[in-house]
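Chemist: how does the following fold in three dimensions:
(one chain, ligands or ions: 1)
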Amino acid sequence: MKDFQPQEIVVESGSEGGVIYRNLKRAFPQVPFIAGERLQADASSIASLDGFGDAKRRLLLARHRGEFLKKCPGSDGQVCCNYFVINFASNCPMDCSYCYLQEYLAENPALKVFSNVDDLIREADDLLTRHRKFFFRIGTGEITDSLALDPYIGFCAEVVPFFAEQSNVLLELKTKSDCVDGLLTVDPKGRVVVSWSMNPQKVIDADEHGTASLEERLAAARRCQAAGYKLGFHFDPIVEYPCWDADYRDMVGRIFAAVDYRRIAWVSMGVLRNTPALKRTMRGRFPETTLLSGEQILCPDGKMRYFQPLRVAMYRKMLGWIREASPTVFVYLCMESKEVWEQVFGFAPSCEKELGARMAAVAG
Ligand code: SF4
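Modeler: Model prediction:
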């Protein structure tokens, strides 16, 4: 993937001196570090035609106020998988044309990293200790990419050793990068899944700007597996275009040939989703994208998706190719209704706890 080089780093008072600050200083000796007050630094005061894109080139280091750990909000009416998220950063240095953060962070697009990692670990420790009988799945990739900033901030080296010692959690690090060096010297002790969002190279070239290539993602996955990490793959968003099926079939075959599929924790599938507001942003920021040309319908959760019969047909094809390569790997749908689950798998989990428990069992 492309190296990240911010134009400046704004450091909020109280964030100097910590481990993330020291790592950034080491990584970017040439970049100006500017002291900034919280409100000034937070404001999306970047007056240009592409304020969201510009925000990705200015890094803000700030303390996180409030709780780091949150239950994944899921989506109304869709089967949820009972997942928790840790927001250690906000926004992402890469720039996929379909990224929902363009809408979700529209009012607050600053590329932000939180400096108080010690508070994050304390909070996680407290939660995991208070609920020893509950098995948690926690991810860090909800409002940022889990690994793209890691070579510069060294976040994983701080948190993976903590999670590796816990008995009731799986930490998922979700990425489209190949930034895994910081993971390779830490023993995850079976407690960490590194997962990749995967798409054919054609989609990566057209719509996943600044991300690692398909081959780079596979090479990184192989290195993580060799270092003891479990793997996950997310076919999300699956994009429909002429001959999409040949490209996706080829990609599925390459993935399952590249890694030991018996040590894949889970695979998910989800088709392209957006909203009317996100479509407007995409048209403005990525006028050349072809993702807006297919027909989509508005679903009850406010998201636009391909027609249900088309989605079901796409999922069934994908599932068939996955099953050819690995009859037993755990596959689930992301943000889909029970009706779609039933048509694809012949069943739907009866509640979010059931799906969460199934995932914990296969990965545990
Ligand atoms: S890698 Fe993920 S978070 Fe980053 S721009 Fe792409 S979709 Fe958004």
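Chemist: for this structure, where's the lowest mean pLDDT among helices and strands?
Modeler: When the helices and strands of the chain are scored by mean pLDDT, DSSP states H and E, helix 38-42 comes last with a mean of 50.
Chemist: what's the first helix or strand after the one helix or strand residue 194 maps to?
Modeler: For residue 194, the host element (DSSP states H and E) is strand 192-197. Using DSSP H and E, the helix or strand that follows strand 192-197 towards the C-terminus is helix 201-207.
Chemist: return the set of buried residues in that following helix.
Modeler: By 16 or more other C-beta atoms under 10 Å, the buried positions in helix 201-207 come out as 203-204, 206-207. C-beta: built from backbone N, CA, C; applies to glycine.
Chemist: got the phi/psi numbers for the one residue in the stretch 151-300 of the chain that gets nearest to the ligand?
Modeler: Of all residues in the stretch 151-300 of the chain, residue 176 sits closest to the ligand, at 4.2 Å by C-beta to the nearest ligand atom. Note on residue 176: its backbone torsions stand at phi -120, psi 20 [degrees, to the nearest 10].
Chemist: what do you get for the one 10 residues further on?
Modeler: Its backbone dihedrals place residue 186 at phi -110, psi 130, with angles given as degrees, to the nearest 10.
Chemist: nearest spatial neighbour of it, chain-adjacent residues omitted?
Modeler: residue 160 (4.7 Å; C-beta to C-beta, 6 or more residues apart in numbering).
Chemist: which secondary structure elements does the one helix or strand the one you found maps to sit against?
Modeler: Assigned by DSSP H and E, residue 160 belongs to helix 155-164. Using 3 or more C-beta pairs under 8 Å, 6 or more residues apart in numbering; DSSP states H and E as the contact definition, the elements that helix 155-164 packs against are helix 117-130, strand 169-175, strand 192-197.
Chemist: so the last one, near the ligand or not?
Modeler: What that stands for is strand 192-197. No. Residues of strand 192-197 are not located near the ligand by C-beta under 6 Å from any ligand atom, the shortest gap being 6.9 Å.
Chemist: strands paired with that strand, and their directions?
Modeler: Sheet pairing of strand 192-197 (DSSP bridges) gives strand 169-175 (parallel), strand 230-238 (parallel).
Chemist: so which of these gets nearest residue 273?
Modeler: Residue 273 lies closest, by C-beta to C-beta, to one member of these: strand 230-238, at 6.6 Å.
Chemist: hmm, back to that, tell me the buried residues in the helix holding residue 160?
Modeler: Neighbour count says helix 155-164 has 155-160, 162-164 buried, by 16+ other C-beta under 10 Å.
Chemist: so how far is that helix from its chain's centroid?
Modeler: Centroid separation for helix 155-164 versus its chain: 17 Å, with C-alpha atoms, centre = their mean, to the nearest Å.
Chemist: so where's the stretch 101-250 of the chain shaky on pLDDT?
Modeler: Scanning the stretch 101-250 of the chain for pLDDT under 70 picks out no residues.
Chemist: give me the angle between the helix holding residue 160 and helix 117-130.
Modeler: Interaxial angle, helix 155-164 versus helix 117-130 (axes from the mean of the first three to the mean of the last three C-alpha atoms, to 10 degrees): 20 degrees.
Chemist: list the contacts of helix 155-164.
Modeler: The contact list for helix 155-164 (C-beta atoms under 8 Å, 6 or more residues apart in numbering) reads 19-20, 88-89, 113, 117, 120-121, 124-125, 138, 147, 149-150, 169, 171, 173, 182-183, 185-189, 191-192.
Chemist: just the buried ones from the residues you listed, in ChimeraX syntax?
Modeler: To isolate the buried subset of these in ChimeraX, counting by 16+ other C-beta under 10 Å, use the following:
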select :20,88,89,113,117,120,121,124,138,147,149,150,169,171,173,182,183,186,188,191,192
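Chemist: JSON lines for the buried residues of helix 201-207, including distance to the ligand?
Modeler: As requested, the buried residues of helix 201-207 are arranged in JSON lines below (distance: C-beta to the nearest ligand atom, whole Å):
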{"residue": "203", "distance to the ligand": "12"}
{"residue": "204", "distance to the ligand": "10"}
{"residue": "206", "distance to the ligand": "13"}
{"residue": "207", "distance to the ligand": "9"}
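Chemist: and which of those is nearest residue 312?
Modeler: The closest of the buried residues of helix 201-207, once distances to residue 312 are taken by C-beta to C-beta, is residue 203, at 20.8 Å.
Chemist: could I get the contacting residues of that closest one?
Modeler: 239, 247.
Chemist: and with 6 Å instead?
Modeler: Contact analysis of residue 203 by C-beta atoms under 6 Å, 6 or more residues apart in numbering lists residue 239.
Chemist: for residue 66, see how far away it is.
Modeler: In this view, residue 203 and residue 66 are 36 Å apart by C-beta to C-beta, to the nearest Å.
Chemist: state which helix of this structure is the longest.
Modeler: Counting residues, the longest helix found in the chain (DSSP state H) is helix 308-325.
Chemist: next, the buried residues of the helix or strand just after that one.
Modeler: The C-terminal neighbour of helix 308-325 among helices and strands, as given by DSSP H and E, is strand 331-333. Within strand 331-333, the residues that count as buried by 16+ other C-beta under 10 Å are 331-333.
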